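>>> One predicted model, sequence on top.
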Amino acid sequence: MLEESHVGFTLYAPSGEALRRSDTLRGLIDHARRSPVCSFHLVRDVSPRVASLYPYAVQVFYEDGARGVTRFSDWRVAADWLAARRRSWGFVHVHGLPEFVARYGQRIAGRTP
């Protein structure tokens with residue numbers, strides 16, 4: 001279970017301290033300009049606090065050791081959003097549900113599933 005229930009984006013220092021919170025996903029892109037993204041990992045969160053509306057958490061790992069967390073209501077939306085903004089992070093490793101990884105790969109290849 002993820003510790004973060006904030007909907008939007010939260011950036012954590014390598015020590016675990018919350019550095020930044022935003023109600024939009026702009027913070028994810030802004031930090032990617034300062035430190036490249038290494039990988040995305042989609043996790044299905046079963047926490048009763050957030051699972052009913054935003055059950056899919058995407059963890060973003062940056063080269064500087066920071067970690068970001070954001071949430072989506074559907075894994076397809078997460079894959080499409082990340083693929084549509086791939087210029088912000090270039091090639092990254094994508095982990096999580098096999099369907100999520102496949103859809104992300106199809107989207108960056110220009111195919112619509």
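Here it is on my side, so go on.
>>> Tell me where this structure has helices.
Counting by DSSP state H, residue ranges of the helices within the chain are 26-34, 75-84, 98-108.
>>> Run the chain-centre distance for the shortest one.
In this view, helix 26-34 has its centroid 12 Å away from the chain centroid, taken as C-alpha atoms, centre = their mean, to the nearest Å.
>>> One more: stretch 86-94?
Relative to its chain's centre, stretch 86-94 lies at 11 Å (C-alpha atoms, centre = their mean).
>>> With stretch 80-96 instead?
9 Å.
>>> Any idea how far apart the tips of it sit?
The straight-line separation of the ends of stretch 80-96 (C-alpha to C-alpha, to the nearest Å) is 14 Å.
>>> Just list whatever residues bridge to the residue nearest the centre of the chain.
Geometric centre of the chain, nearest residue: V58, 3.3 Å, by C-alpha atoms, centre = their mean. Beta-bridge partners for V58, by DSSP bridges, are L42, T70.
>>> Now do the same contact list for it.
F40, H41, L42, V43, V69, T70, R71, F72, A78, L82 (C-beta atoms under 8 Å, 6 or more residues apart in numbering). Backbone N, C-alpha and C define where each C-beta goes, glycine included.
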